[in-house]
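> sharing a model that was predicted from the sequence below.
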Amino acid sequence: MLEGVGVSAYLGIAASIMDGDYLTDAGSIPTVESRHSSYTRPAQKQVPFPQPFDNPLTLKDVYTLAAIFNVSCPLTNAAIPVKAFPSLILNTDGPIASGDNIQLLTPSYRLEGIDGEAKMYAAFITVFGPIFADVVPCEADYEVVVPEGINGQSYAVLTGCTGEITDDTVGAGPAIVEITNPYLSTV
């Protein structure tokens, strides 16, 4: 799981590298992370390389996923320049495929639209842009039908819009969602 987040973190930051002297060096890092990920996935009973493209994450997305591992920092450290989004947790066990209902949980808080009635969406982050699905609020969580076009280690955020996903439009997340769709076979 963390290897996949590493791949997504490097992919997300790649567009920010303006200096050509660093681009090749920086570009080699996600290829190694990707090999690490494809090596560890079978041990978790997951396909080594479930899709042709990996999904990029922003700095704030990555920090949100990594923040659960931060216990403390020395007081002499500079303040971390980013704040985590409210957490979002996948609350569904077992294999997940497109068309399945999943539950996303926001622990210890309730996320609602601005007027209490506005629609909410789950945005599944992909390299080509988000794929949106309607969210149905339930008693303790939110239900979402996994849309087509997503496979492997994916990330979902809750939002009130169906346009561009930015730090300003994310209400909670990302949650890591492992989606395993069957491969089309030509054998």
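Sure thing, it's come through.
> let me know the pLDDT of Asp115.
For Asp115, the model assigns a pLDDT of 67.
> use 872 as the first number for this chain going forward.
In the new numbering, first residue 872, that becomes Asp986.
> can you name every helix or strand that the top strand by length along the chain contacts?
Assignment by DSSP state E gives strand 1041-1050 as the longest strand of the chain. Applying 3 or more CB pairs under 8 Å, 6 or more residues apart in numbering; DSSP states H and E, we find strand 1041-1050 packed against helix 930-937, strand 960-961, strand 972-976, strand 1023-1030. For the C-beta atoms, the positions are set from N, CA and C on the backbone; glycine is no exception.
> the last one pairs with which strands, parallel or anti?
Right, the one you point to is strand 1023-1030. Sheet pairing of strand 1023-1030 (DSSP bridges) gives strand 992-996 (antiparallel), strand 1041-1050 (antiparallel).
> so for that strand, mean pLDDT?
Regarding strand 1023-1030, the rounded mean pLDDT is 93.
> can you confirm Thr895 is in a helix?
Yes - judged by DSSP: H, G, I helix; E, B strand; the rest coil, Thr895 forms part of a helix.
> please consider this matter closed, and thank you.
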